[in-house]
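**Student:** Quick one: sequence plus predicted model below, questions after.
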Amino acid sequence: MKLIFLVFLLAAVRPSVAYAQLYSTRSGFVGFYSKTALEDVRGENNQVYAVIDAGKKNLAFASLLKGFIFPKELMQEHFNENYVESDKYPKAAFSGAYTGDVPLDKDGVYKINVKGGLTLHNVTRTIETPATLEIRAGHLLGVAEFKVKPEDFNISIPSIVRDKIDKEITVKVNIDCTTNK
Amino acid sequence: MATRKYKLTFLFLMAGLAASAQDTSLLRMLNDSMAAHPKKIYVMGTFKAEHIVNLQTVESPASCNLNFVIQHRFGTLNSGSYNFFGLDNATLRLGLDYGITDDLSIGVGRSSYLKTFDGYVKYKFLKQTEGGGIPVTLAIAGTVTDFTQDITDEAFLNTADRTAYSAELLIARKFGQNLSLQVSPSYLHYNFVPTAQDKNDIFAVGLGGRMKITHRMSINAEYDIVPKNQIVSYTVHNSLSLGWDIETGGHVFQLVFTNSQSIVPTQFLTQTTGTWGKGDIYFGFNISRNFSLKKKR
């Protein structure tokens, strides 16, 4: 009886060991860009946490909103205080899965499709975007670009500055993950 | 019985694995990793502007940013309908503040009150961090003022006599996102005082704070105390000011009520002769406009 239990136990535990292939980073890049005739706004964060499970094809991102650096300090202050309210909601996170073949043992650039929930300002929205994963010398490099609308995340922009902020903000993601912890 | 127990154990194990296989486990992993590597983050936006009303705040323009400040005070509310309750008269200070670094700034100004020039240096030497660490922001501000108005019965006054200095230690703390408080012990030196009984070196303390009412508005209050027996030849009252900050993009508008007519520290701290009780209240506003002179990268 005990033997059967052990077999069951092994059977239950082993797949998760065999298939979880975690690649992670604590210095991923996420930047967002808004271009209008009146003003360009740019916020960039080089301390994004990301993890990709290449076995299960899941991935997740998390970052502190206060880690976004703006060329103009006043914009950074307004971003945190007035728009994303980072004192109340300090993090932005993404959690989802991807489809597409990425043979881990073969260096190369592979097209994938990512779908998941982006949580910002206490609102979660589904984001679906094409992206690429590159295998290079044991590293897993991810690149994606997509657009979000501030209003979708319940971020209200007063009419007096509405023309200075793009209706759709471009988000660029660039991560370099390894199997090191 | 034993079989059932094993079956249950097995079920629990499977359930546990199924849960961890969901994508949220990755997110939880990231959150744990984040918690394990806390980052030092400085508190920003303790105050919206560089003045609570008259008192300097710990805020300064960011590196390569220029602030143009207009501080305007009408006459007193109790000056009667003939003077349109003070609106016929005005005192004005125009100022320029520039951030050499994010922590070091310099400024110059000119007030119409006694035709006064002023210059100051402000340095933030300790910055409050989030989540404990450093609990307060500390800055020091040194100001030199020189009034140039001709006074016929005091024609003997030379430039040195007209010059006064102030050194203020600014201690501020942001309590959560809405409330910020500041205490500012100030030391003032006057090269020339009206009588021998008046002290050349004066100690004062400024208290101030703001409470945000929306993201872009706050109510400010300031109370500046000059302990007695330092100035004896005329009556000095403590300065009480209330303000309402409205921020729009690079502008901050402050509507203020104060019993001080003058705007520079060597004057509003020691030359406030009116009181709120008698209606010696000056309505006015501060407007500050930020210009970023940083070259685009």
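**Tutor:** Yep, it's here.

**Student:** contacts, neighbours, all on C-alpha from now
**Tutor:** Noted.

**Student:** A:Asp163 - how many residues pack around it?
**Tutor:** Neighbours of A:Asp163 under the rule other CA atoms under 10 Å in any protein chain shown: 14.

**Student:** could you show me where the strands are in chain A, in order?
**Tutor:** A:22-35, A:40-53, A:58-64, A:91-99, A:108-120, A:123-136, A:139-148, A:169-177 (DSSP state E).

**Student:** tell me the most buried of the ones you listed?
**Tutor:** Comparing the strands of chain A by mean neighbour count (mean count of other CA atoms under 10 Å in any protein chain shown), strand A:58-64 ranks first with a mean of 25.

**Student:** how far is that strand from where the chain is centred?
**Tutor:** Mean-position distance between strand A:58-64 and its chain equals 5 Å (CA atoms, centre = their mean, to the nearest Å).

**Student:** quick one: it to strand A:22-35, angle?
**Tutor:** Angle, strand A:58-64 to strand A:22-35, by axes from the mean of the first three to the mean of the last three CA atoms, to 10 degrees: 60 degrees.

**Student:** and strand A:58-64, which strands flank it?
**Tutor:** Strand pairing for strand A:58-64, using DSSP bridges, gives strand A:40-53 (antiparallel), strand A:91-99 (antiparallel).

**Student:** okay, the ones you listed in TSV with distance to A:Glu77 and mean pLDDT next?
**Tutor:** Below are those laid out as TSV (distance: least, CA to CA, whole Å; pLDDT from 0 to 100):
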stretch	distance to A:Glu77	mean pLDDT
strand A:40-53	11	95
strand A:91-99	16	95
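
**Student:** Nearest to A:Thr126, out of those strands?
**Tutor:** Closest to A:Thr126 of the strands paired with strand A:58-64 is strand A:91-99 (CA to CA; 9.1 Å).

**Student:** Pull the residues that contact that closest one.
**Tutor:** Here strand A:91-99 makes contact (CA atoms under 8 Å, 6 or more residues apart in numbering or on different chains) with A:57-65, A:112-121, B:23-24, B:26-27.

**Student:** Ramachandran coordinates for the residue positioned nearest the centre of chain B?
**Tutor:** With distances taken as CA atoms, centre = their mean, B:Thr57 lies nearest the centre of chain B, 2.1 Å away. For B:Thr57, the backbone dihedrals (degrees, to the nearest 10) come out as phi -100, psi 170.

**Student:** That one and B:Lys122 touch, don't they?
**Tutor:** No: with contact defined as CA atoms under 8 Å, B:Thr57 does not reach B:Lys122; the gap is 9.9 Å.

**Student:** What residues does the stretch 101-250 of chain B have near chain A?
**Tutor:** Contact residues (CA under 8 Å from any CA of the partner chain) of the stretch 101-250 of chain B with chain A: B:Gly176, B:Gln177, B:His215, B:Arg216, B:Thr248, B:Gly249, B:Gly250.

**Student:** out of the residues you listed, which are inside helices?
**Tutor:** Judged by DSSP state H, helices contain none of these.

**Student:** State the number of residues packed around B:Arg28.
**Tutor:** Neighbouring residues of B:Arg28 were enumerated by other CA under 10 Å; the total is 14.

**Student:** before we move on, the earlier item: out of the residues of the stretch 101-250 of chain B next to chain A, which comes closest to chain A?
**Tutor:** Among these, B:His215 lies closest to chain A (CA to the nearest CA), at 5.4 Å.

**Student:** Next, the contact list for that closest one, please.
**Tutor:** If a contact means CA under 8 Å, 6+ apart, then B:His215 has A:Glu81, A:Asn82 as its contacts.

**Student:** do B:Val69 as well
**Tutor:** B:Arg93, B:Leu94, B:Gly95, B:Leu96, B:Asp97, B:Asn286, B:Ile287, B:Ser288, B:Arg289.

**Student:** Identify, from those, the entry nearest to chain A.
**Tutor:** Using CA to the nearest CA, B:Arg289 is the member of these that lies nearest chain A, at 11.4 Å.

**Student:** secondary structure class for B:Phe84?
**Tutor:** Three-state assignment for B:Phe84 (DSSP: H, G, I helix; E, B strand; the rest coil): helix.

**Student:** my bad, should have said B:Thr266
**Tutor:** Assigned by three-state DSSP, the conformation of B:Thr266 is helix.

**Student:** Distance of the residue nearest to B:Asn286 when sequence neighbours are not counted relative to B:Asp198?
**Tutor:** Leaving aside its sequence neighbours, B:Asn286 sits nearest to B:Gln71 (CA to CA, 6 or more residues apart in numbering or on different chains; 4.3 Å). The gap separating B:Gln71 from B:Asp198 is 29 Å, by CA to CA, to the nearest Å.

**Student:** higher neighbour count, these two?
**Tutor:** More crowded of B:Gln71 and B:Asp198, by other CA under 10 Å: B:Gln71, with 23 against 16.

**Student:** which SSE is the more buried one in?
**Tutor:** Assigned by DSSP states H and E, B:Gln71 belongs to strand B:65-76.

**Student:** which outside residues touch the helix or strand following that strand?
**Tutor:** Per DSSP H and E, the first helix or strand lying C-terminal to strand B:65-76 is strand B:90-99. Defining contact as CA under 8 Å, 6+ apart, one finds that strand B:90-99 is touched by B:60-75, B:105-113, B:261-263.

**Student:** Now a PyMOL select for only the buried ones of the residues you listed.
**Tutor:** Buried residues among the contacts of strand B:90-99 (16 or more other CA atoms under 10 Å in any protein chain shown), as a PyMOL selection:
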select buried, chain B and resi 60+61+62+63+64+65+66+67+68+69+70+71+72+73+74+75+105+106+107+108+109+110+111+112+113+261+262+263
